[in-house]
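Asks: my questions are about this predicted structure, shown below with the sequence.
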Amino acid sequence: MYYYSLNEYLKSSFGEKVYKISLNGGMTCPNRDGTLSTKGCIFCSKGGSGEFSADKLLTVTEQIEQAKLRIKAKTDCKRFIAYFQPFTNTYADISYLRKIYYEAIENPDIAVLSIATRPDCLGKDVLELIDELNRIKPVWIELGLQTIHKKTADYIRRCYELEVYDKAVKNLKEIGVTVVTHIILGLPFETKEMMLESVKYAGERSDGIKLQLLHVLKDTDLLNDYNRGLFKTLSMEEYIDILCDSIEILPKNVVIHRLTGDGDKKLLVAPLWSADKKRVLNSINKTFRERNIVQGSKYTLN
């Protein structure tokens with residue numbers, strides 16, 4: 001069993017464990033504020049997937065310090081990834097972005113600046129700022145692609161075309177920035193083959209990938225469709241099977257940032273099995289061993 005985990009990458013790059021801190025820049029999203037839509041992506045919670053991030057009313061420095069105090073209770077980790085997580089974290093005035101990014105990256109305990117955003121929110125001024133920051137410390141840009149299939153993208157209300165993602169990746173690669181792509185496994189009406197096509201596509205263009213189980217959360221339009229019986233969520237066995245095939249078709253050099261995801265238990269409606277993270281991870285590792293999963297063992301360049 002082998003896959004190129006984030007922990008392995010961080011230890012080889014920095015010589016020690018590096019812990020991720022989720023920060024809140026207080027931004028919104030063009031898919032919510034009326035620029036593209038007011039509804040947001042169909043699966044996205046009211047918190048913009050940032051239920052575990054800090055209080056946006058605190059300064060970036062205060063958020064980092066609070067997180068470090070919490071982390072001290074379970075690890076002696078001394079270096080951190082500053083991860084701007086909720087909503088779209090390049091969707092603000094450039095002067096504001098400069099302020100919060102510099103406040104994070106200049107903190108001596110921060111090893112990496114990681115920014116979650118949409119591919120359509122990386123204008124020339126943002127790219128120039130990211131290039132500037134990447135010369136100070138490593139910058140990772142996390143892009144929410146989720147799927148390469150247009151029909152699904154329209155259903156989940158992603159509100160940008162695949163070509164926009166391709167252009168964003170090209171622009172980021174040209175300035176030497178690390179690209180991490182998010183893919184959701186189990187999106188409604190997608191077959192296993194469709195999911196694997198998205199994984200392979202993202203893997204061939206990214207430095208890292210996050211594989212996320214579809215969560216049905218309270219107060220989302222996705223929940224309405226789920227309650228109407230329009231689709232079913234994956235069983236744990238189905239998810240792990242797709243995960244196994246995903247790992248085998250990813251290039252060996254792609255860092256696996258996530259094998260599943262943590263849904264807020266107060267919001268999670270389905271699948272409920274995903275709430276038992278320890279059991280899920282143990283089952284994933286057990287299946288990987290039984291199937292002798294090796295990253296890239298079935299990868300073929302198109």
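Replies: Arrived safely, thanks for sending.

Asks: could you use CA atoms for every contact and neighbour count after this?
Replies: Will do.

Asks: buried set for stretch 16-32?
Replies: Residues of stretch 16-32 classed as buried: 17-31 (neighbour count, 16 or more other C-alpha atoms under 10 Å).

Asks: of those, which is the nearest to Gly208?
Replies: The shortest approach to Gly208 among the buried residues of stretch 16-32 belongs to Lys20, at 15.2 Å (C-alpha to C-alpha).

Asks: beta partners of the closest one?
Replies: Each beta-bridge partner of Lys20 is listed here: Ile81, as defined by DSSP bridges.

Asks: how close does it sit to Val254?
Replies: Between Lys20 and Val254 the distance is 19 Å, computed by C-alpha to C-alpha, to the nearest Å.

Asks: one more: Ile209?
Replies: With C-alpha to C-alpha as the criterion, Ile209 and Val254 are 7 Å apart.

Asks: show me the common contact partners of these two, please.
Replies: Contact criterion C-alpha atoms under 8 Å, 6 or more residues apart in numbering; residues bridging Ile209 and Val254 by contacting each: Gly203.

Asks: quick one: contacts of stretch 211-227?
Replies: 42-46, 182-187, 231-233, 239, 256-261, 263, 267-271.

Asks: so for that stretch, what gets flagged as buried?
Replies: Buried residues in stretch 211-227, defined by neighbour count with 16+ other C-alpha under 10 Å: 211-218, 220-223, 226.

Asks: centroid residue for this structure?
Replies: Most central in the chain under C-alpha atoms, centre = their mean is His182, positioned 4.5 Å from the mean C-alpha point.

Asks: output the lowest mean pLDDT helix or strand found in this protein.
Replies: Of all the helices and strands that make up the chain, the one with the lowest confidence by mean pLDDT, DSSP states H and E is helix 60-72; it has a mean of 92.

Asks: could you list the buried residues of that helix?
Replies: 60, 63-64, 67-68, 71.

Asks: what are the buried residues along the helix or strand harbouring Val199?
Replies: If you go by DSSP states H and E, Val199 is part of helix 192-203. Buried residues in helix 192-203, counting neighbours by 16+ other C-alpha under 10 Å, are found at 192, 194-200, 202-203.

Asks: tabulate these (a markdown table), appending pLDDT and distance to Ala92.
Replies: Shown next, in a markdown table, are the buried residues of helix 192-203 (pLDDT from 0 to 100; distance: C-alpha to C-alpha, whole Å):
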| residue | pLDDT | distance to Ala92 |
| --- | --- | --- |
| Lys192 | 98 | 37 |
| Met194 | 98 | 34 |
| Met195 | 98 | 32 |
| Leu196 | 98 | 34 |
| Glu197 | 98 | 33 |
| Ser198 | 98 | 29 |
| Val199 | 98 | 30 |
| Lys200 | 98 | 32 |
| Ala202 | 98 | 26 |
| Gly203 | 98 | 29 |
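
Asks: can you list contacts of the least confident helix or strand of the chain?
Replies: Residues contacting helix 60-72 (C-alpha under 8 Å, 6+ apart): 21, 23-25, 54-55, 77, 82, 100, 103-104, 107.

Asks: swap the cut-off to 10 Å and go again
Replies: The set of residues that contact helix 60-72 without belonging to it, under C-alpha atoms under 10 Å, 6 or more residues apart in numbering, is 19-25, 53-59, 75-82, 84, 99-104, 106-107, 109-110.

Asks: of those, which belong to helices?
Replies: With DSSP state H as the criterion, helices contain 99-104 from among the contacts of helix 60-72.

Asks: what is the nearest of those residues to Val139?
Replies: Proximity to Val139 was ranked across the ones in helices among the contacts of helix 60-72 by C-alpha to C-alpha; first place goes to Tyr101, at 10.1 Å.

Asks: quick one: the closest one and Ile130 touch, right?
Replies: Yes - the pair Tyr101 and Ile130 passes the contact test of C-alpha atoms under 10 Å, sitting 9.1 Å apart.
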